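1. Give me a model of this one.
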Amino acid sequence: MAPLPGAIPAGSDVPAAYRGVIENAARRCPEPEVTPVLLAAMLKAESGFDPNAARPETGEYGIALWTPSVFEAWGKAATHPGPKSYWDPGDAIAAMGNYACWLDQRLKQQGFTHGLPGLVAAAYRTSDKTVAATGGVPERVRQHVDKVLQYLHDYGG
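-> Residues are numbered from 1 along each chain as shown. Next comes the predicted model:
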């Protein structure tokens with residue numbers, strides 16, 4: 001059986017422990033740009049797959065570098081009952097998939113049709129409003145988005 005489009009390649013550096021969670025998070029989204037390899041590329045750029053990543057100066061934590069307030073809005077995506085935590089990789093990745101899907105849809109509603117993977121990564125780092133106001137990737141997140149796109153390319157996306 002051939003892998004689904006956007007599947008994480010077997011030989012990639014995506015940790016085996018996170019592959020299923022990433023696949024599930026991406027496959028819940030109907031948007032074709034939100035693939036497992038896009039989420040994997042975003043996670044690698046955000047934290048290098050480190051579930052203990054922390055940027056206290058910006059208030060971002062966990063594998064997907066969530067701020068607690070934004071995670072609160074998107075953390076309900078996790079599939080287990082009970083409290084959710086941005087420190088839990090499963091919770092954080094599920095929420096990232098939901099948020100990336102919503103961002104992709106919002107950007108399309110705002111008229112964006114090209115370069116959506118990079119725009120989603122930019123909006124994740126800033127906001128869909130900032131991307132829309134800039135008309136694309138804001139300069140202050142350009143280097144981050146370039147990393148995401150390089151990792152996406154490396155993963156065959």
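2. quick one: secondary structure of Phe112?
-> Secondary structure state of Phe112, per DSSP: H, G, I helix; E, B strand; the rest coil, is coil.
3. residues contacting the nearest residue to it once chain neighbours are set aside?
-> Distances taken as CB to CB, 6 or more residues apart in numbering place Leu119 nearest to Phe112, at 5.7 Å, with adjacent residues excluded. Every C-beta, even on glycine, is put in place using the N, C-alpha and C of the backbone. If a contact means CB atoms under 8 Å, 6 or more residues apart in numbering, then Leu119 has 107, 112, 131, 136-137 as its contacts.
4. Strands of this structure, start to end?
-> Under the criterion DSSP state E, strands of the chain are mapped to 54-55, 60-61.
5. among these, which is nearest Glu46?
-> strand 60-61 (8.3 Å; CB to CB).
6. can you list the residues that contact that closest one?
-> Identification of contacts with strand 60-61 by CB under 8 Å, 6+ apart yields 53-55, 66-68, 86-87.
7. next one: the helix or strand bottoming out on mean pLDDT in the chain to chain centre, how far?
-> In the chain, the helix or strand scored least confidently by mean pLDDT, DSSP states H and E is helix 68-74, which has a mean of 90. Remark: helix 68-74 is offset 14 Å from the chain centroid, using CA atoms, centre = their mean, to the nearest Å.
8. In that helix, which of the residues would be classed as buried?
-> 70-71, 74 (16 or more other CB atoms under 10 Å).
9. Over to stretch 104-121?
-> Buried residues in stretch 104-121, counting neighbours by 16+ other CB under 10 Å, are found at 104-107, 112, 116-121.
10. For those residues, which two are the farthest from each other?
-> Greatest spacing in those, by CB to CB: Gln105 and Gly118 (16.1 Å).
11. can you list the contacts of strand 60-61 in a markdown table and add distance to Arg28?
-> Putting the contacts of strand 60-61 into a markdown table (distance: CB to CB, whole Å) gives the following:
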| residue | distance to Arg28 |
| --- | --- |
| Ala53 | 24 |
| Ala54 | 27 |
| Arg55 | 27 |
| Trp66 | 18 |
| Thr67 | 22 |
| Pro68 | 23 |
| Tyr86 | 19 |
| Trp87 | 22 |
